[in-house]
Structure formats: C-alpha cells, structure tokens
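# Only the shape, not the letters, is given here:
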C-alpha cells in the first residue's frame, strides 16, 4: 500500500512539475514573440520556414479528414432531420455544428498529431544531438530562437487549417444534402444564415489559435527536454501527442461551455 501511495505521489509531483514548466515556457515564448516583434528583431525567416513546414505536413491530411467528416455529419444529420420532419433545418445544423465544433476539433487533432509530433521530433533530435546545449553555450536562448517562431507559426497555421476544414466539410455537406435531393439549396443556405452569427466564426478562429498555441507549448517542452537517443525522442513524441490531445479536448469543452453561457444564441 505504501508503495502505491509513493508511486502515486511521485506521478502527481512529476505532473505538477511538467505543468509548471509548460506555463513558464508559454510565458517566456509569448514574451519573446511580442517583444521581438515590437523591437523588429523577430526571426521572421524561421517563422516562414516553420509555417511552410507545418502547412506542408498538415494540409493534405486536413483535407482528407475534413471530407469524410463532412460526409458523416451530413448523413447523420440528414437522417435524423428527415425522421423528425425538420429537413429545412439541415443547413443550420450542419453548418453551425461544423463551424463551432467540427472544424476546431479536427484542427486540434491535426495540430496535435501531425504538426505537434513533427515539431517535437525535430526539437527532440536537436536536443539529443546537443545542439540546444550548444546554443546555450553560445549565449543564445533556445526559447527565443526555436520556440517563439514556432509558436507564432502554429497559431497562424492553426487558424488557416480551421478555415480549410470548415470550408471543405461545409461544402461536402452542402453537395450531399442538395445534390441528394434532401433539401433545396435555398432552404439549406437560408436556415444556415438564419441561425448562424458572426461570433460563431470568431469562436472557431479563437479555438484554432488557442489549440495551435497549446499544441506548440506541449510539443516544444517535450522536445527540448529530451535526454538520450532515438528511443527517448520517440517516447517524447508519443507523450506530446497524447498530452496534446487530452489538453485540447478539455480546453475545447471549457471554451464551448463558456461560449454557450456568455453569448446569447440567435433564434431565427
């Protein structure tokens, strides 16, 4: 019994230590990003390289995930709407559901799985080769040089991916619903515009930015703290993906609940 309690206490302490270290990293990276941009010394070249790298890694998987996601949502919503005689509201349910929840959720999974894993592996390899330590010896701050550009790039790419997912999934749902004869194009678009509101778009973009921020912090923390060889890098990538997915899921629920409570919902 004492062994179990000791192990549980050790895990808890390690978790709290990791959580605190991530908060410190987030504050430092955010501060460096803002200050360096204001002082015109931000590493824009690194930012552009990382933004293109993230886009190259995640764009195609994002589209390939968004299309079947739109198909599934359209089929399920259309079937239920037909059963209860609310086919005219298919556009509202499809569009708003994808915009508020579907697009940010798919974006978060892609950010954690594709972007976060690639970022963690890249930084982990540098840490394993002692390149990060070499930067510190030369007087360079790894957070400023490596994390800050990736942080801003992930936020920007996350919002762009969110747009890609939303447009792809909503277009797929529109084609299936209207093309299949379930509802007319006018009724589909009319129901969506009647219930949708600008805050839905701001919610989706805000979620994507927050998800990009959190996924980057988790991936960079795990990558920069790799000690050892390839096995340790692989373990760090696995931990980063799992922790990112869990964190983003919890944050998504919290943001959604806050939005529902604080923003008045539009009624047609």
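Received it, and whenever you're ready, just let me know what you need. If you're wondering where the values come from, they're calculated on a predicted model, not measured in any experiment. Residues are numbered from 1 along each chain as shown.
# Would you point out which residue is most central in this protein?
Nearest to the geometric centre of the chain sits residue 108, at 2.8 Å (C-alpha atoms, centre = their mean).
# tell me which strands and helices whichever strand or helix holds that residue is in contact with?
Residue 108 belongs to helix 103-110 when elements are defined using DSSP states H and E. With contacts defined as 3 or more C-beta pairs under 8 Å, 6 or more residues apart in numbering; DSSP states H and E, helix 103-110 has these neighbours: helix 44-84, helix 148-179, helix 198-224, helix 230-262. Yep, even glycine has a C-beta here, placed from its N, CA and C like the rest.
# got the angle between the next helix or strand after the first one and helix 103-110?
Following helix 44-84 in sequence order, the next helix or strand is helix 90-97 (DSSP H and E). In this structure, helix 90-97 runs at an angle of 40 degrees to helix 103-110, with axes from the mean of the first three to the mean of the last three C-alpha atoms, to 10 degrees as the basis.
# Name the surrounding residues that touch helix 90-97.
Residues outside helix 90-97 that contact it (C-beta atoms under 8 Å, 6 or more residues apart in numbering): 73-74, 77-78, 81, 170, 173-174, 177, 182-183, 187-192, 194-196, 200, 268.
# any idea how far it is from the chain center?
22 Å (C-alpha atoms, centre = their mean, to the nearest Å).
# hmm, back to that, the contacts of helix 90-97, buried ones only, as a PyMOL selection?
Applied in PyMOL, the following selects the buried portion of these according to 16 or more other C-beta atoms under 10 Å:
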select buried, resi 73+74+77+78+81+170+173+174+177+182+183+187+188+189+190+191+192+195+196+200
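# picking up where we left off before, nearest to residue 35, out of the helices and strands packed on helix 103-110?
Evaluated over the helices and strands packed on helix 103-110, closeness to residue 35 peaks at helix 148-179, with 9.3 Å, by C-beta to C-beta.
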